[in-house]
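Asks: Just need the structure, nothing else, for what follows:
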Amino acid sequence: MVIPQSALVEPFYEGSVQRLFAVPGDDTVMVTQTTAKGSVFDVGALFEISGNDVNRALFRHVLYSKMADPEVWKGVRSAIEAAPDLSDDYRNELISGALEEACVRGAKTHHEGMLDAVSGEVARGSVPENPSSYNVVRKYQILKPVRSEFLGAHLFDYSQFPREDGFVVPLEYIVRFGITSASSVYRKYEAMDGKAKQAFEQELGVTRPLDAWQYLEKPIGDFTSKFEPEDRMVSKQEALVMSGLSGAQFVDSGKLAILGAWAVRQLVEEIGLLMWDIKWEFAKDGGDLVFVDTIDTDSFRATMFLDFEGERFVNHYNKQAMRDYFTLLHGDWIEDIKTAKALGQQEGVAFTEILAAGQSEGKYAATPEVDAEFLRLQEQKMIAIRDYMLGEAEAGDVKELLVTAGTGEIGFYKAKAKLDGFRKINGIS
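Replies: Model prediction:
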């Protein structure tokens, strides 16, 4: 298949970090273009990391290509079998069913390949001679729940989903190997009293209290809504009802999310990163469950523990680093976002509309720009990870580069007199 970039003129969708193009003469696939821009706090594109458009597209292409390889899943099975803290019941349940099939056929993804930047030829499996920011994926329906009102409450009707096929499941699957101080689950947990905490632990499937920056004895899965105005955490029971899947398919999708997370964990651990959590999406395609949507370093939380002037800190190698930057250097803007989100939930509208209106009136702080030096450090991280994914650098060398960039980031906060604030959110006692 050849798709010249000249044929990709007008996107039919343009988001904060990617654009989607129709393929002339073939409505079963589409072209995705990643951009160098980044988004945090759900407010749209806020910053740009040079070269990150191709870097992110490459990560997606290489990872999805690996997921089609049965050998990757055999490695996952070996890792699960060797994991020391898993109970036998949990281990046996996880390696049965979906994993057995993946070890024979690989996992199904919507990824078709990457466009060569010069020839427009679609490279499948291997990296093209001229990598680009364009990937080709299969298309699936995006169905939206119908909004209803009930005595002032905003409700969403998912009853049409079980009658459809070929659609993106309206959930985000979040898999957690551990709990970070910034995770929504941990913040929610910390705000609860004793009995509520115990009930929440039971819902999550953990057997001990949650502590920040500690791995769990087993990975856990939780869910958020996908196509409502604001994402919200939902129980496993509600997720099953919302999904449009049969009970058996829903169970398989939950297993696949954990197994896919384990595959990424093995990949990043080779370069010294600890993976804490990751988000997945799936499509229902007949009897198949298909991994869909973007997957790159912004899709999961990976860190290192770094020593700096006699102290130990957590350093982030995804967009959590950018979240921390805005939190520490532009706290007034963050508080205004929180206010707008609370109003958006009350009124049932997108909070970005409220935020933009408040900014135009001078009521809310303007959207800040990012310091060029901080962006340079993020670029160094992404280049190192890219070179590893392409096989152009050894894992040990990449780890060393990541340590250097991370240590430089901590030094940046010291120079800005923000090390105390960084210590509060990323210090390890």
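Asks: So Asp53, which state does it fall into?
Replies: Secondary structure, DSSP: H, G, I helix; E, B strand; the rest coil: Asp53 is helix.
Asks: Same check on Val127?
Replies: Applying three-state DSSP: Val127 is coil.
Asks: Enumerate every residue touching it.
Replies: Shown in contact with Val127 (C-beta atoms under 8 Å, 6 or more residues apart in numbering): Leu58, His61, Val62, Met114, Leu390. For glycine as for every other residue, the C-beta is placed from the backbone atoms N, C-alpha and C.
Asks: Could you do Lys284 as well?
Replies: Taking C-beta under 8 Å, 6+ apart, one finds Asp165, Gly166, Phe167, Val169, Gly244, Leu245, Gln249, Val290 in contact with Lys284.
Asks: Ala405 now?
Replies: By C-beta under 8 Å, 6+ apart, Ala405 lies in contact with Leu377, Gln378, Gln380, Lys381, Ala384.
Asks: and which of those residues is nearest to Trp213?
Replies: Lys381 (19.7 Å; C-beta to C-beta).
Asks: unless I'm mixing things up, that closest one is touching Tyr317, no?
Replies: Yes - counting by C-beta atoms under 8 Å, Lys381 does reach Tyr317; the two are 5.4 Å apart.
Asks: Please identify every residue contacting each of the two.
Replies: With C-beta under 8 Å, 6+ apart, Lys381 and Tyr317 have common neighbours Leu402, Gly406.
Asks: follow-up on the earlier one: format the contacts of Lys284 as CSV; extra columns: pLDDT and secondary structure.
Replies: Shown next, in CSV, are the contacts of Lys284 (pLDDT from 0 to 100; DSSP: H, G, I helix; E, B strand; the rest coil):
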residue, pLDDT, secondary structure
Asp165, 95, coil
Gly166, 96, coil
Phe167, 97, strand
Val169, 97, coil
Gly244, 96, coil
Leu245, 96, coil
Gln249, 95, helix
Val290, 97, strand
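Asks: so which of those is the most crowded?
Replies: When neighbours are counted by other C-beta atoms under 10 Å, Val169 leads the contacts of Lys284 with 27 neighbours.
Asks: how about the nearest residue to that residue once chain neighbours are set aside, what does it touch?
Replies: Leaving aside its sequence neighbours, Val169 sits nearest to Phe282 (C-beta to C-beta, 6 or more residues apart in numbering; 4.8 Å). Contacts for Phe282 (C-beta under 8 Å, 6+ apart) come out as Val168, Val169, Leu171, Tyr173, Ser253, Leu256, Ala257, Leu289, Val290, Phe291, Val292.
Asks: Ser39 now?
Replies: Per C-beta under 8 Å, 6+ apart, neighbours of Ser39: Ser16, Val17, Ala45, Leu46, Lys319.
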